[in-house]
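the sequence and its predicted three-dimensional model are supplied below.
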Amino acid sequence: MAASIMEPLQQNIITPLQPYLRQIVSSLPEPVHDTVTSLIGSSCHNALLVDLDVTKDPACTSLAISKALGIAIVGASAIVKVPQILKLIGSRSSAGVSFVSYALETASLLITLSYSVRNQFPFSTYGETALIAVQDVVVGVLVLTFADRSTAAAAFIAVVAASVYALLFDQTLVDAQTMSLLQAGAGALGVASKLPQIITIWREGGTGQLSAFAVFNYLAGSLSRIFTTLQEVDDKLILYGFIAGFTLNVILATQMVYYWKAPTKPKKAKKAAPKPVERAPVAQASSASPSPKPSGKTPTTRRRG
């Protein structure tokens with residue numbers, strides 16, 4: 001299928017432009033060629049960059065596309081949560097943003113980052129996890145701070161710092177077998193991290209301060225990660241995690257479109273307890289019958305006969 005797509009591309013676009021493309025390739029500095037060679041290998045470098053032939057080796061073309069997507073994802077991840085951070089700071093409100101969602105995602109990303117580093121996977125297949133994790137921590141701290149929970153924000157930072165040390169910098173605390181089990185759980189955490197956000201949007205009837213850029217960037221990134229994992233990483237744990245994440249990202253993106261201009265429902269204020277009604281004091285009735293109201297006339301005295 002890839003070959004059937006690449007053949008028209010080669011014949012109709014690349015071949016007519018080869019005289020111009022060769023001049024551009026020949027003017028590239030040597031470090032660029034060295035970088036491409038280190039990414040896709042010398043044979044693929046020669047086929048794609050020197051010979052300018054995408055049909056010569058379809059595997060090289062797929063690998064080059066995978067590397068390009070991976071590098072693009074890593075680059076985009078450096079700013080993927082920046083709009084969300086700016087939106088929170090500008091509004092000083094965390095309405096529509098779930099802290100639980102970001103906390104679970106941070107845990108999932110830290111585990112995946114550690115697992116990938118230990119297994120020496122290509123950086124282009126996991127580099128964004130480190131950058132997104134840092135931004136997730138910032139978002140989590142802002143959400144807690146604007147909810148007047150500064151103590152919880154400090155505790156969150158402490159837990160993240162301890163986890164980074166245990167997973168990345170001290171491999172004696174978590175062995176390889178335990179790391180594999182954690183990675184299996186990271187896929188579940190990644191899925192679980194989306195559910196609180198989906199529920200929050202549905203419950204509040206709007207996306208609040210949630211960033212559309214982050215949601216759609218995640219959707220494109222998770223789809224691209226499925227392709228890069230199939231091409232470069234032979235690990236089902238990683239693959240299934242990206243597939244599950246993509247599925248829930250589709251739901252989030254659908255919610256973002258559906259609630260695009262819908263304002264978030266204000267939280268209902270607690271009803272104040274009704275004040276007791278003060279009753280007027282009632283005069284106690286005496287055992288004797290009440291005396292009649294005196295009339296204006298003085299009573300007459302009967303004559304005794």
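Looks like it came in fine. Residues are numbered from 1 along each chain as shown.

lowest-confidence helix or strand of the protein?
Ranking every helix and strand in the chain by mean pLDDT, DSSP states H and E puts helix 2-9 at the bottom, with a mean of 74.

next structured bit after that helix?
helix 15-26 (DSSP states H and E).

next secondary structure element downstream of that following helix?
Taking DSSP H and E, what comes next after helix 15-26 is helix 30-40.

between helix 15-26 and that following helix, find me the angle.
Computed with axes from the mean of the first three to the mean of the last three C-alpha atoms, to 10 degrees, the direction of helix 30-40 lies at 120 degrees from that of helix 15-26.

what's next to helix 30-40, contact-wise?
45, 48-49, 60, 63-64, 67, 124 (C-beta atoms under 8 Å, 6 or more residues apart in numbering). The way it works is simple: take the backbone N, C-alpha and C, and place the C-beta from them, glycine included.

give the rounded mean pLDDT of stretch 205-216.
Stretch 205-216 carries an average pLDDT of 80.

from Ser193, how far off is the most centrally placed residue in the chain?
Centroid-nearest residue in the chain, with C-alpha atoms, centre = their mean: Tyr102, separated by 6.2 Å. To Ser193, Tyr102 is 7 Å away according to C-beta to C-beta, to the nearest Å.

where does pLDDT dip in the stretch 101-250 of the chain?
Applying pLDDT under 70 to the stretch 101-250 of the chain flags no residue at all.

ranges for the helices of it?
Along the stretch 101-250 of the chain, the stretches classed as helices by DSSP state H, counting those that start in this stretch are 127-146, 150-164, 176-204, 212-232, 236-258.

which other helices and strands contact the last one?
Of the remaining helices and strands, those touching helix 236-258 by 3 or more C-beta pairs under 8 Å, 6 or more residues apart in numbering; DSSP states H and E are helix 99-118, helix 176-204, helix 212-232.

just the angle between the second one and helix 212-232, please?
In this case it means helix 176-204. If you take the same axes, to 10 degrees, helix 176-204 sits at 150 degrees to helix 212-232.

helix 176-204 vs helix 127-146, what angle?
50 degrees.

next: the shortest one.
Here helix 99-118 runs at 150 degrees with respect to helix 127-146, directions being taken by the same axes, to 10 degrees.

swap in the last one?
In this structure, helix 212-232 runs at an angle of 150 degrees to helix 127-146, with the same axes, to 10 degrees as the basis.

and helix 212-232, what does it pack onto?
Helix 212-232 is packed against helix 58-77, helix 82-91, helix 236-258, with contacts defined by 3+ C-beta pairs under 8 Å, 6+ apart.

go again using 6 Å as the cut-off
For helix 212-232, the elements it packs on are helix 58-77, helix 236-258, judged by 3 or more C-beta pairs under 6 Å, 6 or more residues apart in numbering; DSSP states H and E.

in it, which residues are buried?
The neighbour-count check on helix 212-232 (16 or more other C-beta atoms under 10 Å) flags 214-226, 228-229, 231-232 as buried.

and it, how far from the chain's centre?
Mean-position distance between helix 212-232 and its chain equals 13 Å (C-alpha atoms, centre = their mean, to the nearest Å).

dump it to CSV, keeping only the CA atoms.
Only the C-alpha atoms of helix 212-232 are listed here, as CSV (Å, rounded to 0.1, in the frame of the first residue of the first chain):
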residue,chain,number,x,y,z
ALA,A,212,-8.4,23.4,22.8
PHE,A,213,-4.8,23.5,21.5
ALA,A,214,-3.7,20.9,24.1
VAL,A,215,-6.7,18.6,23.3
PHE,A,216,-6.2,18.5,19.6
ASN,A,217,-2.4,18.4,19.8
TYR,A,218,-2.8,15.3,22.0
LEU,A,219,-5.2,13.8,19.5
ALA,A,220,-2.7,14.2,16.6
GLY,A,221,0.2,13.2,18.8
SER,A,222,-1.3,10.0,20.1
LEU,A,223,-2.2,8.9,16.5
SER,A,224,1.3,9.6,15.3
ARG,A,225,2.7,7.7,18.3
ILE,A,226,0.9,4.6,17.2
PHE,A,227,2.6,4.8,13.8
THR,A,228,6.1,5.5,15.3
THR,A,229,5.7,2.7,17.8
LEU,A,230,4.8,0.2,15.1
GLN,A,231,7.8,1.3,13.1
GLU,A,232,10.5,1.6,15.7
